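J.: model the following, please.
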Amino acid sequence: TSTAPSTYAYNFAMGYNCPDTTGCTSDGLGFATQVYGGAYMLKRYSNPSGTSQYFTWYAPGHTWSIQYNPSTSCGSSGVYVQNQATANLYYYTPYQPNAAALAAGYGSGDSCSAYGNRNFYNYFTDWFGSTQVTDAANSPFGGYNLVVDRGSFTVQGWAIDPDQVTKSLTVSLTVDGTSNWGSFTANSSRPDVGAVYPGAGDNHGMNKSFDLDGGDHTVCVTVTNVGAGSNKSLGCTTISVVTASPYGGSSADPVAGGVHVTGWTLDTDTTSALAVHVYVDGVGTAYTANAYRPDVATVFPGYGDYHGIDVSMPLSLGSHQVCVYGINVWKGSNSLLGCHTVEVTSTGDPIGHVDSVVAEPGGFKITGWAIDPSATSSIAVHVYAGSNGTALTASKTREDVAKVYPGFGSAHGFSAHIDASAGTTSVCAYGIDVDFGSNALLDCKSVTVMSGSPFGGIDASIENGDVRLHGWTIDPDTTSSIAVHVYIDGVGQAITADATRADVGAVYPGYGSLHGINALFDLSSGTHTICAYGINTGAGSNSLLGCTTVTVPSASPIGGTDVTVSGTTATLHGWTIDPDTSDPIAVHVYVDGVGTLVTTANSSRPDVGAAYPGYGSNHGISAKLTLTPGTHQICSYGINTGGGSNSLLACQTVSVTSSTN
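T.: Residues are numbered from 1 along each chain as shown. I've put the predicted structure just below:
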């Protein structure tokens, strides 16, 4: 029936020398060879006179086991070969059709189907009617043609059954091998048919339209028999249909906590944006394909720019099947735009960190950062001190965060003072979700907010004859350095606790480091009592930071010496310090009232340094004298620097015997 057969169809028209397992061979090539060879073999199978009795394995009058397919794994069954014509068929096409091949009509069955003898049956009954009735004259007769339109086709024609010529008959369609795909009654008025068959009337016409997806389709038309006879196949026609269903496509990309579905869809029956149904693991949600897609408008001019799909949906962690459908308008049917497997590997909950919560006057300062994985914009952060909440925006620049999360930018930091009552409280910060996921706890920290009177401490040390007062003090109600009143033996004077104390700043980071006490007092020698008070600001009252007692040594040198004698050599040992200086001082030595030696007390004496830590260790005396035999008095003096006067360190009488050297 082909109006444009291919070269291959001519060359192997009869399937002669075309085994199922190897394909057609060149010795059967050509239309004439095919017709002659095919006819020859059909005659030869009967073993005519003058030929050998070769073809006997399908001899008529026996039941033979005939396979369904060249593959033996597909099985076989017994077939009773009644006559030579049936035997010839199974020699020429040696496989019987299985149930799938029979059910497919002219279409494809399954992997075990074979089609040679089935097709012979189909062709024969198409041309000559059913093989199952004895009186074809009682079967329906008529004709048809198919009119193809966009997204549909129309069956036209007529049909009459000789047994009931006035009855309008049922027509059934087989499309692409699917039997009973559609049916209708041939009852349209056809006066031309009524004129040819005047006893039948006019109502035997076919005029029924059906929607059909775009593509090539084979449509077979069968008229249902009434009375004697059998159903009548009027034939099969292959048609090409231009789709009327939605066009389009889709993609699905996993994002944190969900999926982002993009694509486009358009139905040429309308310029409006189509509905789109997105099914996730079989559960559908409706959206509208109205995103801006000027590229689609270029391909489909006149339909506008707004046919894009841009949908984000939350999903749980794991693998999901996402299928997208364009919903049809008027002709056609819904179109599958794509099915995608997506693997969601992270939630959409915000992430972040609370770097610090530091007490400040009247509250605390909180710093940190927060990002929502579903968005690059700055997000809200809610801070709760106990049950009191404060909303912040994490929009401060944090280049360190941007380096770790380069796709989100740097505007994700937060830093703010939050008022709070005095006392210890728990501070919790939450990142507020933007798209997919839930609000997330970033961290909780405990902070003690202070208020009231100053606190701190003092200590004192002797330094070059003066008194050095050390310490620190903070008033909880201010970050500023506060006044300190120092009372020495009951007499007061004011100083400011503004020296740098990094250790205090580390413990109280919200108040800074400028809270140290560092003052030098010139006091007379003797014992003194020093008391210091932190002067209050705001709530509270002045606070005693502490009292300490110090003893200021005399301004004259202090120390001592001793002498050892060996032969005529006397060795002088000792130490001396002048309270007015940490430098070593001079020592004068007198023997029997006569100045004999001048030395400097600069030898290392760690024991002295430990006893007088403000002066160092280099205050030792170590000197040698040569004496005559006899008794001598040796006196040593520390030579004064600054206030005071020279000090006798010691006098010692020694006896020197004659030299033995």
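J.: the helix or strand bottoming out on mean pLDDT in the chain: which residues count as buried?
T.: Sorting the helices and strands of the chain by mean pLDDT, DSSP states H and E puts helix 116-128 at the bottom, at a mean of 88. Buried residues in helix 116-128, counted by 16 or more other C-beta atoms under 10 Å: 116-118, 122, 125. In this view, the C-beta of every residue, glycine as well, is placed from N, C-alpha and C.
J.: and that helix, how far out from the chain's middle?
T.: Centroid separation for helix 116-128 versus its chain: 60 Å, with C-alpha atoms, centre = their mean, to the nearest Å.
J.: which other residues reach that helix?
T.: Outside helix 116-128, the residues that touch it by C-beta atoms under 8 Å, 6 or more residues apart in numbering are 15, 20, 89-90, 92-93, 95-97, 101-102, 105-106, 131, 136, 233, 235-236.
J.: following element in sequence after it, please.
T.: The helix or strand immediately downstream of helix 116-128 is strand 141-149, counting by DSSP states H and E.
J.: output that following strand as PDB, restricted to C-alpha atoms.
T.: Output of strand 141-149 as PDB, limited to C-alpha atoms (Å, rounded to 0.1, in the frame of the first residue of the first chain):
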ATOM      1  CA  PHE A 141     -19.000  -3.300   4.400                       C
ATOM      2  CA  GLY A 142     -18.100   0.300   3.800                       C
ATOM      3  CA  GLY A 143     -15.100   2.600   3.700                       C
ATOM      4  CA  TYR A 144     -13.300   5.300   5.600                       C
ATOM      5  CA  ASN A 145     -10.700   8.100   5.400                       C
ATOM      6  CA  LEU A 146      -8.900  10.100   8.100                       C
ATOM      7  CA  VAL A 147      -8.700  13.900   8.200                       C
ATOM      8  CA  VAL A 148      -5.800  15.100  10.400                       C
ATOM      9  CA  ASP A 149      -5.900  18.400  12.300                       C
END
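J.: and Ser480, that's in a helix?
T.: No - looking at Ser480 with DSSP: H, G, I helix; E, B strand; the rest coil, it is coil, so not inside a helix.
J.: give me every residue that touches it.
T.: Thr537.
J.: where's it relative to Leu544, distance?
T.: 21 Å (C-beta to C-beta, to the nearest Å).
J.: same question, His353
T.: To Leu544, His353 is 42 Å away according to C-beta to C-beta.
J.: over to Asp372?
T.: On the measure of C-beta to C-beta, Asp372 and Leu544 end up 53 Å apart.
J.: the more surrounded of these two?
T.: The residue with more neighbours, out of Asp372 and Leu544, is Asp372; 28 against 13, by other C-beta atoms under 10 Å.
J.: mind pulling up the pLDDT for the closest residue in space to that one that isn't next to it in sequence?
T.: Once flanking residues are discounted, Asp372 sits nearest to Val434: 4.2 Å by C-beta to C-beta, 6 or more residues apart in numbering. What the model reports for Val434 is a pLDDT of 89.
J.: tally up the residues packed near Val434, please.
T.: 18.
J.: that one against Ser378, yeah?
T.: No - the pair Val434 / Ser378 is not scored as a contact, 9.8 Å apart, by C-beta atoms under 8 Å.
J.: can you give me the helices in this structure?
T.: For the chain, the helices defined by DSSP state H cover 7-11, 31-44, 84-92, 99-103, 116-128, 191-196, 294-299, 399-404, 502-507, 606-611.
J.: contacts for the longest one, please.
T.: Which is helix 31-44. By C-beta under 8 Å, 6+ apart, the list of residues contacting helix 31-44 from outside reads 10-17, 28, 51, 55, 88, 91-92.
J.: among these, the buried ones, what's the ChimeraX command?
T.: The following ChimeraX line selects those of the contacts of helix 31-44 that are buried, judged by 16+ other C-beta under 10 Å:
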select :12,13,14,15,16,17,28,55,88,91,92
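J.: thinking Cys547 is in contact with Cys531, fair?
T.: Yes - shown here, Cys547 and Cys531 form a contact pair, counting by C-beta under 8 Å, at 4.1 Å.
J.: against Gly534, how distant is Ser543?
T.: 5 Å.
J.: what about these two, which has more around it?
T.: Between Ser543 and Gly534, counted using other C-beta under 10 Å, the more crowded position is Gly534 (29 against 18).
J.: my guess is the more buried one contacts Ile458, does it?
T.: No - judged on C-beta under 8 Å, Gly534 makes no contact with Ile458 at a distance of 9.9 Å.
J.: so what sits against both of the two?
T.: In contact with both Gly534 and Ile458: Leu545, using C-beta under 8 Å, 6+ apart.
J.: so what pairs up with the residue nearest to Trp57 when sequence neighbours are not counted in the strands?
T.: Sequence neighbours aside, Trp64 is the residue nearest to Trp57 in space, at 7.0 Å (criterion: C-beta to C-beta, 6+ apart). The partner list for Trp64 in beta bridges (DSSP bridges) reads Val79.
J.: where does the stretch 251-400 of the chain have low pLDDT?
T.: For the stretch 251-400 of the chain, no stretch is flagged by pLDDT under 70.
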